[in-house]
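Participant: Just a sequence and a predicted model for now, questions to come.
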Amino acid sequence: MAIDPSIPLQASAGGAQNPLAMLSAAMQLRGANLNQSALNQQIQANQAASAAYQQATDPTTGQIDYNKLTALLANSPAAYNLPQIQAQIAQQKNAQLESQSKQFELARKQVNWLKGGLGSLLNNPGVSGADVMKLAAGGIAQGFLTPEQAAEELRSMPSDPQQLQGWLRNLYVQSLDSDAQLQAIQPQFQTIDTGSAIGLVNTNPLAGGQQVGQVAASFQKGLSPETATTPTEIFNPQTGAPELVTRAQFAGMAGGAPSGRYPGTPGINPIGGGVQAAPGIGQTAGAEVAARGAAERFNNLASDAGNVRNTVQGYDAALGALENLGRSGPAVDKTMLISSTLESLGLPSDKDANANWQSLNKYLQNAGASAAAQAGYGGTDAGRAVFGEGQPSAKSMNPEALREAIQYVKAQNLGVLAKQGAAQRFIDQNGGDYTKYSQFETRWNKTYNPDAMFYMSLPPEQQTGYIKGLSADKRKKLAESIQKMDMLGAF
């Protein structure tokens, strides 16, 4: 039978596939290959990164050289992950910097606390081992010391009071940086003009080998050759007429010393050619004594001004402790005594309040001791007790009264600094003549008003409240006092 070509064949030659299906299958295969390639590349990058970290890490310290690490990564298959790794490095560096910053801040707070605490103890002439123990306990409570650190330091604390002062000084110096250490132990000299000589006196208690107040060197005053040969007119009691002598001859006759022209007069060895000045000697000697006294009082004022800064710092610290505590008075004293006892027994207590209460009393005690010494009451316990009756007391005053009392005594100490500054300007305006200090003293004593000094030392917001509490007459007098003191150079 012949095949009819018009009839389509029904047999299949294996079945033709859909082109879209074939393309999809090819793309899936290509995707799988790409994924496998990416996975292999990631594995190689991780292996290269691991090798780079290994080469950039110091095997002895464990520190990573990030510059070297970046170079190794950039020249290896790990460059595939370089942006991601750099971001991780940046995070690590930021975390490290933040950690270092926190450690530095803690160290700074520790040093400031240590310097403040040791400075307070050094200003206490009667410091004891118990005071040091309280300071250490406060440091532990505030997180500045660990119990192990405190025990390590206290283990070397001497029991002898004199040795204790030296031990505290060494700790204080160790808390400073190298430059400050050198400055702290160097003698600081103040010049003292005694009239006949210029003395250098050490004022730094930390200076080795130099006691405070000890004269380190003395320079005798004398005349220059030109001045010594300058003619000077004096009175000759033998002739009743003026005569000319040299300055050197006249200086030798001070105090009634005889000259070579009048033998037999008691006194020092005669100076040839000189004559005794009769009428002016007593007056000259008196003026010299007065001038010497004025110069000595000026030097004493400068010394007092230097000491007063520690007192002012003590009162500022007391105000800060009072602000933190927020309470004072007899009832608080009893409460704090009970709380401190509980703390010492390891029982629950208000540790922060205990620390602030102890700090407040310690600052007031140290500032009061410094002020007593300046006022001449620091020689004995009885003297300090008498002086302390009029000083601020956290145990007997409520917070407002205590704050005002601290600010008032602080202001009077600032008055010493104001007086010293005004006196120096007055002397400078008078050609550096320290004999003029008596004139300044007279004007200062007539002008100084303690209430004006108190008002000027207050913060602006407290000044406003203080003025509101005054009558119109008192306001006027206060303004006049401030103006007069300002004209004298107090502010």
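Facilitator: Sure, I can see it.

Participant: Could I get the buried residue list for the helix or strand harbouring Lys484?
Facilitator: Using DSSP states H and E, Lys484 falls within helix 472-488. Of the residues in helix 472-488, those buried under the neighbour-count criterion (16 or more other CB atoms under 10 Å) are 478, 481-482, 484-485, 488. Every residue, glycine included, has its C-beta placed from N, CA and C.

Participant: Now do the end-to-end distance for stretch 136-148.
Facilitator: When the termini of stretch 136-148 are compared using CA to CA, to the nearest Å, they are 11 Å apart.

Participant: Next, the residues that contact the helix holding Lys484 from outside, please.
Facilitator: When contacts are defined by CB atoms under 8 Å, 6 or more residues apart in numbering, helix 472-488 is touched by residues 418, 422, 426, 443-444, 447-449, 451-453, 455-456, 467, 470, 491.

Participant: cool, and stretch 460-468?
Facilitator: The set of residues that contact stretch 460-468 without belonging to it, under CB under 8 Å, 6+ apart, is 407, 455, 458, 475.

Participant: Among those residues, name the buried ones.
Facilitator: The neighbour count (16+ other CB under 10 Å) marks 407, 455, 458 as buried among these.

Participant: State the distance from the second one to Leu417.
Facilitator: Noted for Tyr455: a distance of 16 Å to Leu417, by CB to CB, to the nearest Å.

Participant: swap in the last one?
Facilitator: For Leu458, the distance to Leu417 (CB to CB) stands at 16 Å.

Participant: about what we covered before: among the contacts of helix 472-488, which are in strands?
Facilitator: Nothing among these maps onto strands, per DSSP state E.

Participant: Quick one, which of those are buried?
Facilitator: 418, 422, 426, 444, 447-449, 451-453, 455-456.

Participant: May I see those residues organised as TSV, with pLDDT and distance to Ser393 added?
Facilitator: Putting the buried ones among the contacts of helix 472-488 into TSV (pLDDT from 0 to 100; distance: CB to CB, whole Å) gives the following:
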residue	pLDDT	distance to Ser393
Ala418	88	26
Ala422	88	32
Phe426	87	37
Trp444	89	30
Thr447	87	31
Tyr448	88	26
Asn449	88	25
Asp451	88	22
Ala452	87	25
Met453	86	22
Tyr455	88	23
Met456	88	25
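
Participant: Save the residues you listed as JSON lines, and put in distance to Asp316 too.
Facilitator: Compiled in JSON lines, the buried ones among the contacts of helix 472-488 are given as follows (distance: CB to CB, whole Å):
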{"residue": "Ala418", "distance to Asp316": "17"}
{"residue": "Ala422", "distance to Asp316": "22"}
{"residue": "Phe426", "distance to Asp316": "28"}
{"residue": "Trp444", "distance to Asp316": "25"}
{"residue": "Thr447", "distance to Asp316": "26"}
{"residue": "Tyr448", "distance to Asp316": "22"}
{"residue": "Asn449", "distance to Asp316": "23"}
{"residue": "Asp451", "distance to Asp316": "21"}
{"residue": "Ala452", "distance to Asp316": "21"}
{"residue": "Met453", "distance to Asp316": "16"}
{"residue": "Tyr455", "distance to Asp316": "18"}
{"residue": "Met456", "distance to Asp316": "16"}
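
Participant: Could I get the full set of helices for the stretch 301-450 of the chain?
Facilitator: 330-344, 351-375, 381-388, 399-429, 437-447, 450-457 (DSSP state H, counting those that start in this stretch).

Participant: what does the stretch 1-150 of the chain give?
Facilitator: With DSSP H, counting those that start in this stretch, the ranges of helices along the stretch 1-150 of the chain come out as 19-56, 66-74, 82-122, 129-141, 147-154.

Participant: What helices and strands are in contact with whatever helix or strand Arg292 lives in?
Facilitator: Counting by DSSP H and E, the element that carries Arg292 is helix 279-325. When contacts are defined as 3 or more CB pairs under 8 Å, 6 or more residues apart in numbering; DSSP states H and E, helix 279-325 packs onto helix 82-122, strand 189-193, strand 231-236, helix 351-375, helix 399-429, helix 437-447.

Participant: same thing but at 7 Å, please
Facilitator: strand 189-193, helix 351-375, helix 399-429, helix 437-447 (3 or more CB pairs under 7 Å, 6 or more residues apart in numbering; DSSP states H and E).

Participant: any idea how far the closest residue to Leu122 other than its chain neighbours is from Asp131?
Facilitator: When the adjacent residues along the chain are set aside, Leu122 lies closest to Leu168, with 5.7 Å between them (CB to CB, 6 or more residues apart in numbering). To Asp131, Leu168 is 10 Å away according to CB to CB.

Participant: tell me the contacts of the residue nearest to Leu122?
Facilitator: The neighbours of Leu168, taking CB atoms under 7 Å, 6 or more residues apart in numbering as the test, are 118, 121-122.

Participant: can you list the residues you listed in TSV and add distance to Gln47?
Facilitator: As requested, those are exported to TSV (distance: CB to CB, whole Å):
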residue	distance to Gln47
Leu118	57
Leu121	62
Leu122	63
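
Participant: Just among these, which is most surrounded?
Facilitator: Compared across the contacts of Leu168, Leu121 has the highest neighbour count, 22 neighbours, by other CB atoms under 10 Å.

Participant: Can you read off the pLDDT for that residue?
Facilitator: Among the per-residue scores, Leu121 shows a pLDDT of 75.

Participant: With adjacent residues omitted, what lies nearest to it?
Facilitator: Among residues not flanking Leu121 along the chain, Val127 sits closest, at 4.9 Å (CB to CB, 6+ apart).

Participant: again with Phe426
Facilitator: Distances taken as CB to CB, 6+ apart place Phe440 nearest to Phe426, at 4.5 Å, with adjacent residues excluded.

Participant: and that neighbour, how many residues sit next to it?
Facilitator: Residues contacting Phe440 under the criterion other CB under 10 Å number 23.

Participant: these two touch, right, it and Ala423?
Facilitator: Yes. The pair formed by Phe440 and Ala423 meets the contact definition of CB atoms under 7 Å, at 5.3 Å.

Participant: okay, and the helix or strand of this protein with the least pLDDT?
Facilitator: None of the helices or strands of the chain scores lower by mean pLDDT, DSSP states H and E than helix 381-388, at a mean of 44.

Participant: show me where pLDDT drops low in the stretch 301-450 of the chain?
Facilitator: 325-363, 365-390, 394-396 (pLDDT under 70).

Participant: Now flag whichever of the buried residues of helix 472-488 is closest to Leu135.
Facilitator: Proximity of the buried residues of helix 472-488 to Leu135, judged by CB to CB, is greatest for Met485, which lies at 39.6 Å.

Participant: Need the pLDDT of the closest one.
Facilitator: With respect to pLDDT, Met485 has a value of 87.

Participant: Over to Pro460: give its phi and psi.
Facilitator: Comment: the main-chain dihedrals of Pro460 come out as phi -50, psi -40, following degrees, to the nearest 10.

Participant: number of nearby residues for it?
Facilitator: Should you count by other CB under 10 Å, Pro460 turns out to have 6 residues around it.

Participant: any idea how far it is from Ile467?
Facilitator: 11 Å.

Participant: got it, and Ala151?
Facilitator: As judged by CB to CB, Ala151 and Ile467 stand 54 Å apart.

Participant: Tyr466: how many residues sit nearby?
Facilitator: Neighbours around Tyr466, by other CB under 10 Å: 15.

Participant: quick one: it and Leu458, what's the gap?
Facilitator: Distance check for Tyr466 against Leu458: by CB to CB, it reads 6 Å.

Participant: which parts of stretch 158-165 are buried?
Facilitator: 164-165.

Participant: Same check on stretch 109-124?
Facilitator: Neighbour counts over stretch 109-124 (16+ other CB under 10 Å) mark 110, 113-114, 116-124 as buried.
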